[in-house]
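Engineer: next one to model:
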Amino acid sequence: MTMRNATILALLILILSTLTAGCIDELVPVGDNLTISDISVYEFDVFVNQSSNDDIVANTTTFYLLKGESTRVVHMLINATVIDIIPIDDMSSNQDSLDNIVIIADNANTNTTSASVDAFNSYSLASEVSDIGYTISKEVIRGQKHTYLKFNETITGFVAYTLPAQKGQDFIYIQSSPSIVRFVLPVGYTTGNQLIGIARPQPDETYVDNKGRDILIWSEDEDVPKSFNVKYYPPSAPKTLLIVGIILAFGAAFVLVDYHITRKNLKKMRDDIEQGSKMGGRSKSKK
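Structural biologist: Got it, this is the predicted structure:
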């Protein structure tokens, strides 16, 4: 093979690898649950949209934000076969996209499975995970990373997992399918200050639960994908920021005044020196 042919072959292999990189799923079979799931860390809150039938639940995604830690996500799913998760690029690259996956659900195709409040209340009291297999696959679509949690059957019930922590106290979520979205802020944290940061889009409902946590709710919207951005901070943060701003303003004013005074003194010194030089020149000319 000539050098030219080898170069062309190498280029063709490189182009082929690039084109197929985003099309081949990296399937990770985890149906056998090789790791033990810790069900106790999750809150399986049966949320019912008050505007709908009180006995019927809807697809709901709840994010439990923690202080500087990973985020716990709990889905209430009805007749679901897959969860499409769009990870944020600033998540720690050395961690898996999903951790501690817990499934408490039943096959939705059986006659005994319903999407009622009573059924989900029963799921919320479970102490063991359900025997439902799943796989995790990853794909890049139009430059956007996707992680798919695919179930071996159509399910109705709870699915929970843990996401790596995002940088700072600024959580971003890209919704890929219609669902009610809930954010549960850590105890002692809030949002809504225009100066520091707010939740975008504006929540449809906010309230404080019995644990003192701020809850933000967005109603189900068919317009997806949709981006949510929540900045959260202690209630004292605006006051602290104001104090810091005042200190910085005084510091800047002091530096500015000192600059003008110094400049004025230097100008006066220069004028005195120039005037002294002129006086000295006149004295020499008289002699």
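Engineer: show me the contacts for residue 123.
Structural biologist: Counting by CB atoms under 8 Å, 6 or more residues apart in numbering, residue 123 touches 44, 104-105, 157-158. For every residue, glycine as well, the C-beta is placed using N, CA and C.
Engineer: can we see that at 10 Å?
Structural biologist: 44, 46, 76, 103-106, 130, 156-158 (CB atoms under 10 Å, 6 or more residues apart in numbering).
Engineer: show me how far the helix or strand that it is a member of is from its chain's centre.
Structural biologist: Following DSSP states H and E, one finds residue 123 within helix 117-124. The chain centroid and the centroid of helix 117-124 are separated by 28 Å under CA atoms, centre = their mean, to the nearest Å.
Engineer: mind listing what's buried in that helix?
Structural biologist: Under the neighbour-count criterion of 16 or more other CB atoms under 10 Å, helix 117-124 has 117, 119-120, 123-124 buried.
Engineer: all strands of the stretch 51-200 of the chain, in order?
Structural biologist: 60-64, 71-85, 99-107, 134-141, 144-163, 170-175, 180-184, 199-200 (DSSP state E, counting those that start in this stretch).
Engineer: from the contact counts, what lies against the second one?
Structural biologist: In terms of contacts (3 or more CB pairs under 10 Å, 6 or more residues apart in numbering; DSSP states H and E), strand 71-85 is packed against strand 60-64, strand 99-107, helix 117-124, strand 134-141, strand 144-163, strand 170-175, strand 180-184.
Engineer: mean pLDDT lowest for which of these?
Structural biologist: If you rank the helices and strands packed on strand 71-85 by mean pLDDT, strand 170-175 sits at the bottom with a mean of 88.
Engineer: test my guess that residue 98 contacts residue 85.
Structural biologist: Yes: taking CB atoms under 10 Å as the definition, residue 98 is a contact partner of residue 85 at 7.2 Å.
Engineer: what's the overlap in contacts for the two?
Structural biologist: Contacts common to residue 98 and residue 85, judged by CB under 10 Å, 6+ apart, are 73, 136, 147, 149, 161, 163.
Engineer: now for those: which two are most distant?
Structural biologist: Within these, 73 and 136 form the most distant pair, 14.2 Å apart (CB to CB).
Engineer: on that earlier part again, closest to residue 204 among the contacts of residue 123?
Structural biologist: residue 76 (17.3 Å).
Engineer: need the contact list for that closest one.
Structural biologist: Each residue near residue 76 by CB under 10 Å, 6+ apart is listed here: 44-48, 57-62, 105, 115, 120, 123-124, 156-159, 179-180, 182.
Engineer: specify the beta-bridge partners of it.
Structural biologist: Counting by DSSP bridges, residue 76 forms beta bridges with residue 60, residue 158.
Engineer: do you know how far it is from residue 87?
Structural biologist: Residue 76 sits 21 Å away from residue 87, going by CB to CB, to the nearest Å.
Engineer: any weak-confidence spans in the chain?
Structural biologist: 1-36, 50-55, 89-96, 236-251, 253-255, 257-258, 271-272, 274, 276-287 (pLDDT under 70).
Engineer: just give me the neighbour total for residue 188.
Structural biologist: 14 (other CB atoms under 10 Å).
Engineer: state the distance from it to residue 209.
Structural biologist: Computed as CB to CB, the residue 188 to residue 209 distance reads 13 Å.
Engineer: and residue 263, by the same measure?
Structural biologist: Residue 263 is 59 Å from residue 209, where distance means CB to CB.
Engineer: sounds good, over and out.
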